[in-house]
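[1] Sequence first, then the predicted structure, then my questions.
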Amino acid sequence: MTATRNPEDAPASGPDIETAPEVDPNRLIAERREKLAALRVQGIAYPNDFRIDRFAGDLQTEYADLEVHTAEAIEAESVRVKIAGRIVLKRVQGKVSFVQLQDFTGRIQLFVRQATVGDVYDAFKGWDVGDIVGAEGVLMRTRTGELSLRVEQIRLLSKSLRPLPDKFHGLSDVEQRYRQRYVDLIVTAASRRTFALRSQIIGYIRQWLEAPGRRFMEVETPMMHVIPGGATARPFVTHHNALDMDLYLRVAPELYLKRLVVGGFDRVYEINRNFRNEGVSTRHNPEFTMLELYQAYASYHEIMDLTEGMIRDAAEHVLETTALTWDGQDIDVGPVFRRVRMDDVVLEANPQIKREEIRDREAMAKHARQLGVTVKSGYGWGKLLLEIFEKTVEADLVQPTFITDHPVEVSPLARESDTDKGMTDRFELFIGGKEIANGFSELNDPEDQAARFRAQVEAKDAGDDEAMHYDADYIRALEVGLPPTGGLGVGIDRLVMLLTGSSSIRDVLLFPYMRPQAG
């Protein structure tokens, strides 16, 4: 005799996402449009009167303990819930069906029996994977231990006209994942996790900065500037029609934030969108997110301490570990970060360069050419030192390393060292061979700053598209008086790449820049 199987034992087995079979997608869309047309005739297409009272992931967490929340205990509680989400798996087995319902918190199985839901069952059998439904019923646990909802009422809330793709995870479709992020988030659990972590990381950074011991205040500054400033970068240009004047999308909020410190807000930060008209790569997107902060009565040493603590604490809080893997490299943000001067680390990597040659422009130009670095006539020894650093050192800085003491020539907003003229009190943080943060003791001498702006204008006139403009109002603000201040910029996108182990910036941007598709 064949044993009779309890229908409640049957799981919604199969792939992670049930995708469309290998048939003409246009035919599938046409069939779904026919179903929608029938719903319109009945007057029940796209209703908006179903309200939920629970989320799938919350229920899974609450009832995760199998010893406490046994099938018998859940049955005795008779917990009624109303949930909604997208059908990602569906198995119809005669008069009993199983559905995996997915909302933004997770999944839960629906146990749908014809005898319970009545006439709607016939319509339910024709619903498709991708449709959004609302269900009401009582919690249960199957004999296999899966938390489920014994459905008493179920409704179609939104008809999906396009089937989920069946080869969405292949390398050939990686561009499609970026272009159709809305589909990627439905079918790729790793993508959902990455963006949930991104939100948690940013939220934690806000809490960390605003904690009583730090007392930073979040502010907002303009995104359209009359003069692009705060970074050496090529800006995007737009036009204000009413005023008939060109404006620049923000390359950095730095000069506005320091105006606020002048105004008496001693600790300010902004998590902001910046725009730079530069290349697109696995590390660069034309618009990106930065954390910038300024702390009065602090030097770049205190800002390095703050940066290190924030990154370490964020990893421990969000990931519960400081041991990370990024691009196949094991990285630990738990130990004390190394701090080393730029000239020292260049000499370590390039023994052919003598220390006395570092500030000899012609000697550095010769070494740069031998290393395959382009040498332009306007480059001084400081710019050449930076170019050699980027060529020979940067990629090898895998473990967290602060590179300190940058040349004045490449640091137009940083304070010049009191003990080492020609160098500034500046650092950049590198992890995994990538720049994560940039900070310095701010230049608060208005006359020195004005002279540096003039040098930048000369560089721009000589053809440097990334050189800064002269900002007369910022000089006026400095003349009012900027206290000794430390500043920091952290690339949020790269920090999220580090903490989520993502190789491309496109993997941590919900909607990365893409060329428009033909047609």
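    Thanks, I have it. Numbers count the residues shown, from 1 in each chain.

[2] Tell me the buried residues in the one helix or strand residue 184 maps to?
    Assigned by DSSP states H and E, residue 184 falls within helix 181-187. Of all the residues in helix 181-187, those buried under the rule 16 or more other C-beta atoms under 10 Å are 181, 183-187. In this view, the C-beta of every residue, glycine as well, is placed from N, C-alpha and C.

[3] now swap in stretch 192-204 and tell me
    Residues of stretch 192-204 classed as buried: 192, 194-195, 197-198, 200-202, 204 (neighbour count, 16+ other C-beta under 10 Å).

[4] repeat for stretch 421-436
    Under 16+ other C-beta under 10 Å, the buried positions of stretch 421-436 are 423-432, 434-436.

[5] Kindly report the same for stretch 140-159.
    So stretch 140-159, judged by 16+ other C-beta under 10 Å, has buried residues 140-142, 146-151, 154-159.

[6] Next: stretch 102-115.
    102-103, 105-114.

[7] Just list the residues touching residue 413, thanks.
    Residue 413 makes contact with 230, 254, 440, 442-443, 449, 452, according to C-beta atoms under 8 Å, 6 or more residues apart in numbering.

[8] Out of those, who's the most crowded?
    residue 442 (28 neighbours; other C-beta atoms under 10 Å).

[9] so that residue makes contact with residue 487?
    Yes. Contact criterion C-beta atoms under 8 Å: residue 442 and residue 487 qualify, at 5.2 Å.

[10] Need the overlap of contacts for those two.
    258, 294.

[11] Mind telling me the two of the buried residues of stretch 140-159 farthest from one another?
    Across the buried residues of stretch 140-159, no pair lies farther apart than 141 and 159, at 31.2 Å, counting by C-beta to C-beta.

[12] just to revisit the earlier point, so what secondary structure elements neighbour the following helix or strand past the helix holding residue 184?
    Note on helix 181-187: by DSSP H and E, the next helix or strand toward the C-terminus is helix 189-210. Under the contact criterion of 3 or more C-beta pairs under 8 Å, 6 or more residues apart in numbering; DSSP states H and E, helix 189-210 touches helix 181-187, strand 217-218, strand 267-275, helix 300-314, helix 492-500.

[13] Among those, show me which one is buried the most.
    Across these, averaging neighbours per residue (mean count of other C-beta atoms under 10 Å) puts helix 492-500 on top, at a mean of 24.

[14] Please state the offset of it from the chain centre?
    6 Å (C-alpha atoms, centre = their mean, to the nearest Å).

[15] Name all residues that make contact with the residue nearest to residue 495 when sequence neighbours are not counted.
    Residue nearest to residue 495 in three dimensions, not counting chain neighbours: residue 436, with 6.0 Å by C-beta to C-beta, 6 or more residues apart in numbering. Contacts of residue 436 were listed using C-beta under 8 Å, 6+ apart, and they are 311, 429-430, 490-491, 494-495, 498.

[16] between the buried residues of helix 181-187, which is nearest residue 479?
    Looking across the buried residues of helix 181-187 and measuring by C-beta to C-beta, the closest to residue 479 is residue 181, at 47.4 Å.

[17] wait, doesn't the closest one sit right on residue 507?
    No. Between residue 181 and residue 507 no contact is recorded; they are 10.7 Å apart, counting by C-beta under 8 Å.

[18] Give the residues shared as contacts by those two.
    Shared contacts of residue 181 and residue 507, counting by C-beta under 8 Å, 6+ apart, come down to residue 191.

[19] pLDDT weak spots in this structure?
    Within the chain, the ranges that satisfy pLDDT under 70 run 1-22, 166-172, 466, 519.

[20] before we move on, back to that, for the helices and strands packed on helix 189-210, give me JSON lines that also has distance to residue 377.
    Shown next, in JSON lines, are the helices and strands packed on helix 189-210 (distance: least, C-beta to C-beta, whole Å):
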{"stretch": "helix 181-187", "distance to residue 377": "45"}
{"stretch": "strand 217-218", "distance to residue 377": "44"}
{"stretch": "strand 267-275", "distance to residue 377": "30"}
{"stretch": "helix 300-314", "distance to residue 377": "31"}
{"stretch": "helix 492-500", "distance to residue 377": "33"}
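
[21] who wins for proximity to residue 234 among the ones you listed?
    strand 267-275 (10.1 Å).

[22] picking up where we left off before, so is the residue nearest to residue 495 in a helix, a strand, or just coil?
    Of the three states, residue 436 takes strand under DSSP: H, G, I helix; E, B strand; the rest coil.

[23] before we move on, the earlier item: please flag which of the contacts of residue 413 sit within strands.
    Of the positions in the contacts of residue 413, residue 440 sit in strands, assigned by DSSP state E.

[24] mind putting the contacts of residue 413 in CSV, distance to residue 415 included?
    Formatted as CSV, the contacts of residue 413 follow (distance: C-beta to C-beta, whole Å):
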residue, distance to residue 415
230, 16
254, 14
440, 7
442, 6
443, 5
449, 10
452, 11
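
[25] which of the contacts of residue 413 lies closest to residue 324?
    residue 440 (26.3 Å).

[26] In the lengthiest strand in the chain, which residues are buried?
    Secondary structure of the chain per DSSP E: the longest strand is strand 80-93. By neighbour count on 16+ other C-beta under 10 Å, the buried set for strand 80-93 is 81, 83-91.
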